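[1] Predicted model and sequence follow; I will ask about them next.
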Amino acid sequence: MLQRAPTGIPWDMIPAPNATAAEQQAEQLNICWRATNDVDRTCNQPLRATLDVEEEIGPDYRITVHANAATLLASRWPVIQIIGGQWSPASSFPPVWTPIPASAIRARTQLIGTFGTSAPGAAGAGPSEIEISRAYLPSFGGRDTLRLQVAYLNGWPHAGITDAVAAGALSVPVDDVTGMAGASVFLYDDASTEVVQVASVAAANPVNWPPDAAVPVSVPTGPGTLTLLAPTQFEHTAGVVISALPQDISLATINLAAAQVLDAGASSLQMGSLAGSQVTTSGGASSLRAQAQLTLRDYARII
């Protein structure tokens, strides 16, 4: 995706003229990692789907109590799936946990997904508050008397294919299945780009949460296999990106990657056949970085 984006960057000159293909790929990967970290820092959270286990003491500004439910203001959003929860008296050292079933926990607002699926859209909006039924919580004796732990998935599913996929395939091996179940995702592969919907996922090493529970919840995350609702139209090679990330986030990441190269002094033009009067530049690295930050502010975590 990075090399094919219209940045004008001479990627075959990175990290240096006459570098081998392996050296070029290694440094381009470093650039991508740095750009991704820049996105996460700008947004105060990772945007790709992750499993989050959040622990807070309340009631306070993050845990508020209402007539029928307590509300946790999650540190990461959009919340796309609730795994479960548990509580302990705040005075207990170590905590003495009492489980809360997932059926007693819900996002306070509904996720409006892409094409009606479980993947969040590109509107920069989504659930950030989690409600827990009071029926599964003790009576509150005042501020900071309860320790609450909730596990949930947040963000946009995003992964890479780990092995070649034939046209007509219903199974796709990927490096991260987190949040993929029920999502509509793009397979970004040049002229063979297509949209697929994921019916179910299987993780190679699912996470058991809580890890010390008698009957923990098995959470599919990390490498595994996607099962699609309909077969792929085209064949795809290993390394192809499969993602529900909004395309403006991808563009912002590409701009941040290109800005790194321009900061290092590379020319953003490969137009040797044009006369000097026909070649112009505008903004450079600072302009690309400003565009990216303007896009990403809609996806930033505020609290």
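    Arrived safely. The model shown is predicted, which means the values in this text are computed figures rather than measured ones. Numbering: from 1, shown residues only.

[2] Surely D40 touches T50?
    No. Counting by Cβ atoms under 8 Å, D40 does not reach T50; the two are 10.4 Å apart. (C-beta placed from N, C-alpha, C; glycine too.)

[3] Okay, now the unreliable bits of the stretch 151-300 of the chain?
    Residues of the stretch 151-300 of the chain that meet the criterion pLDDT under 70 lie in 265-283.

[4] mind listing the strands for it?
    158-160, 171-174, 184-188, 194-203, 207-209, 217-219, 224-228, 241-243 (DSSP state E, counting those that start in this stretch).

[5] Adjacent strands (with direction) for the first one?
    Spelled out, it's strand 158-160. Here strand 158-160 has these sheet partners by DSSP bridges: strand 241-243 (antiparallel).

[6] List the contacts of the partner strand.
    Strand 241-243 has contacts (Cβ atoms under 8 Å, 6 or more residues apart in numbering) with 1, 156-161, 172, 174, 185-188, 196, 226, 250.

[7] The same query, at a cut-off of 10 Å, please.
    Strand 241-243 has contacts (Cβ atoms under 10 Å, 6 or more residues apart in numbering) with 1, 48-49, 119, 156-161, 165, 172, 174-176, 180, 183, 185-189, 193, 196, 198, 226, 236, 249-250.

[8] Out of those residues, which end up buried?
    1, 48-49, 119, 156-159, 161, 165, 172, 174, 176, 180, 183, 185-189, 196, 198, 226, 236, 249-250 (16 or more other Cβ atoms under 10 Å).

[9] Report the beta-bridge partner residues of E131.
    Beta-bridge partners of E131, as defined by DSSP bridges: T71, R106.

[10] Could you number the chain from 36 rather than 1 from now on?
    Noted, 36 is the first residue going forward, which turns the last one into E166.

[11] Determine the number of other residues adjacent to it.
    For E166, the neighbour count with other Cβ atoms under 10 Å is 18.

[12] Quick one: residues contacting it.
    Neighbouring residues of E166 by Cβ under 10 Å, 6+ apart: 101, 103-107, 117, 139-144.

[13] Kindly report the same for A137.
    Q116, I117, I118, G119, G120, V185, A186, Y187, V252 are the contacts of A137 under Cβ under 10 Å, 6+ apart.

[14] correct me, but the first one touches L188?
    Yes. Counting by Cβ atoms under 10 Å, Q116 does reach L188; the two are 4.2 Å apart.

[15] These two: which is more packed in?
    Neighbour count, other Cβ under 10 Å: between Q116 and L188, L188 has more, with 23 against 19.

[16] and the gap between the more buried one and D298?
    Separation of L188 from D298 (Cβ to Cβ, to the nearest Å): 35 Å.

[17] ditto for A265
    44 Å.

[18] do W244 as well
    41 Å.

[19] higher neighbour count, these two?
    The neighbour comparison of W244 against D298 (other Cβ under 10 Å) goes to W244, with 19 against 13.

[20] Provide a list of residues in contact with S127.
    Neighbour list for S127: R182 [criterion: Cβ under 10 Å, 6+ apart].
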